[in-house]
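Novice: Dropping the sequence and predicted coords here.
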Amino acid sequence: MKQFIFILAILCFTNLARAENLQKVYFAGGCFWCMEEAFDKVMGVKKTTSGYSGGHIKNPTYEQVVNENTGHLEVVEIVYDSDVISYPSIMDIFFKNIDPFDAAGQFCDKGESYRSAIFYQNETQRKIAEQSIEQIEKKFNKKTFILLKSFQEFYEAEEYHQDYYQNNFLKYLAYKKACQREEILNNIWKK
């Protein structure tokens, strides 16, 4: 009997210890706080990190990025288990959390650093992103303003930006409501 319980325990732990197929993606969707919140709710997403990418300065600060002289965008790094959620599904969530038709930024955040972008890491990702953008343009019969950029480097944002929506809940809710983010998204995507 003890042997049976031991074998059963090993089988249970073996299933629990299944290796995850972790991947990373990088999206710019305006305020990185809002993108963290959106992706943290997704099954299969293991971690989100706010940061900067796409520019020409190494280790930029928030102040440098929002002063629009680095070329960087506010970006969220998403670590996800591709056995649970696919790259096209992750990308669909990204689209549903941006205004793809805003050329000046996103919602109440305007400027180069708040533009929308997909940072692809290989040719397959680039093709999927291009096809997805084309589908949106066809569906809405409008041009999108989503940058498609080859991923180069990600710089983690300052600690106070990480999990901001959780750590500064009331301030975050006031910001999000003032920007009318949910109303605009609902209007675009008809949720």
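Specialist: Thanks, I have the structure now. Residues are numbered from 1 along each chain as shown.

Novice: what comes into contact with the helix of greatest length in the chain?
Specialist: Scanning the chain for the helix with the most residues, using DSSP state H, yields helix 123-140. For helix 123-140, contacts defined as C-beta atoms under 8 Å, 6 or more residues apart in numbering pick out 25, 87-88, 91-92, 95, 100-101, 118, 120, 143-144, 146, 148, 150. (C-beta placed from N, C-alpha, C; glycine too.)

Novice: next one: stretch 33-49
Specialist: 20, 22, 27, 29, 50, 76-85, 90, 93-94, 97, 154, 156-157, 161-165, 172, 175-176, 181.

Novice: Try it again at 6 Å.
Specialist: Residues outside stretch 33-49 that contact it (C-beta atoms under 6 Å, 6 or more residues apart in numbering) are 29, 50, 76-81, 84-85, 93, 97, 156, 164-165.

Novice: quick one: average pLDDT of it?
Specialist: The pLDDT scores in stretch 33-49 average 98.

Novice: Can you dump the C-alpha atoms of that stretch in CSV for me?
Specialist: Extracted as CSV, the C-alpha positions of stretch 33-49 are listed here (Å, rounded to 0.1, in the frame of the first residue of the first chain):
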residue,chain,number,x,y,z
TRP,A,33,0.5,50.7,-16.6
CYS,A,34,-2.7,50.0,-18.5
MET,A,35,-1.1,47.4,-20.7
GLU,A,36,0.3,45.6,-17.6
GLU,A,37,-3.2,45.5,-16.1
ALA,A,38,-4.8,44.1,-19.3
PHE,A,39,-2.2,41.3,-19.7
ASP,A,40,-1.9,40.3,-16.0
LYS,A,41,-5.6,39.1,-16.3
VAL,A,42,-4.8,36.7,-19.1
MET,A,43,-4.6,33.0,-18.5
GLY,A,44,-1.1,31.8,-19.5
VAL,A,45,0.6,35.2,-18.9
LYS,A,46,3.2,34.6,-16.2
LYS,A,47,4.7,38.1,-15.8
THR,A,48,4.5,41.6,-17.2
THR,A,49,7.2,44.3,-16.9
